[in-house]
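**Student:** Here is my input, please return the structure:
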Amino acid sequence: MKPFAPQLSFVNSSKCADMKNCSAFTFNVKPDVCVYTDGTSQGCDISKLEVNVEFKWNDGYDAFSKDPGPDTHIAFDTLGQITSYASAQLGAQYRTHTFSVLIVHNCARIIRWDREGAIVTVWGTYPL
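**Tutor:** Coordinates of the predicted model:
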């Protein structure tokens, strides 16, 4: 990623919950990838996070599908998860909005979050 975004650090934070800023939550805030501009090279720090990226491997996890299929609860779980990450970031930083990326299988959505809701792009397919 360095050639495409030299000023950004992409950190695998899938196993590192933010216990510093989010310890009072009843859930773990641990996006799969945290993107930083300050050179942070490990873990999850929601107070410094620029963008979070969440990966899901099955199409049923698409939180914004028009036809979620029989496993609607799985899509709702994804929606709750990514909403909690955006809420935590907006609560920890003085921002009007933030962005996240949801990647499900070989498709991606960019999501713009603010304090009233979210704007979601249509699927963008990328080659595996």
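
**Student:** Only C-alpha atoms from now on, for both contacts and neighbour counts.
**Tutor:** Noted.

**Student:** low pLDDT regions in this structure?
**Tutor:** 68, 125-128 (pLDDT under 70).

**Student:** can you map out the strands along it?
**Tutor:** With strands called from DSSP state E, the chain shows them at 9-12, 33-36, 51-56, 97-104, 107-114, 117-120, 124-125.

**Student:** all helices of the chain, in order?
**Tutor:** Along the chain, counting by DSSP state H, helices occupy 72-92.

**Student:** Centroid-wise, who is the farthest residue in this protein?
**Tutor:** Computed with C-alpha atoms, centre = their mean, the residue of the chain farthest from its C-alpha average is Pro70, at 24.3 Å.

**Student:** Pull up the gap between that residue and Arg95, please.
**Tutor:** Per C-alpha to C-alpha, to the nearest Å, Pro70 is found 37 Å from Arg95.

**Student:** could I get the strands of the chain as CSV with mean neighbour count and distance to Ala75?
**Tutor:** Formatted as CSV, the strands of the chain follow (neighbours: other C-alpha atoms under 10 Å; distance: least, C-alpha to C-alpha, whole Å):
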stretch, mean neighbour count, distance to Ala75
strand 9-12, 20, 23
strand 33-36, 24, 20
strand 51-56, 21, 10
strand 97-104, 20, 11
strand 107-114, 18, 14
strand 117-120, 13, 15
strand 124-125, 12, 18
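
**Student:** any chance of those in CSV, plus distance to Gly91?
**Tutor:** Formatted as CSV, these follow (distance: least, C-alpha to C-alpha, whole Å):
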stretch, distance to Gly91
strand 9-12, 21
strand 33-36, 16
strand 51-56, 14
strand 97-104, 11
strand 107-114, 11
strand 117-120, 14
strand 124-125, 29
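
**Student:** so which of those gets nearest Gln42?
**Tutor:** Distance to Gln42, taken as C-alpha to C-alpha, is lowest for strand 9-12 among the strands of the chain, at 5.9 Å.

**Student:** Tell me which residues are up against that closest one.
**Tutor:** Under the contact criterion C-alpha atoms under 8 Å, 6 or more residues apart in numbering, strand 9-12 has outside partners 1-2, 32-43.

**Student:** gap between it and the chain center?
**Tutor:** Relative to its chain's centre, strand 9-12 lies at 12 Å (C-alpha atoms, centre = their mean, to the nearest Å).
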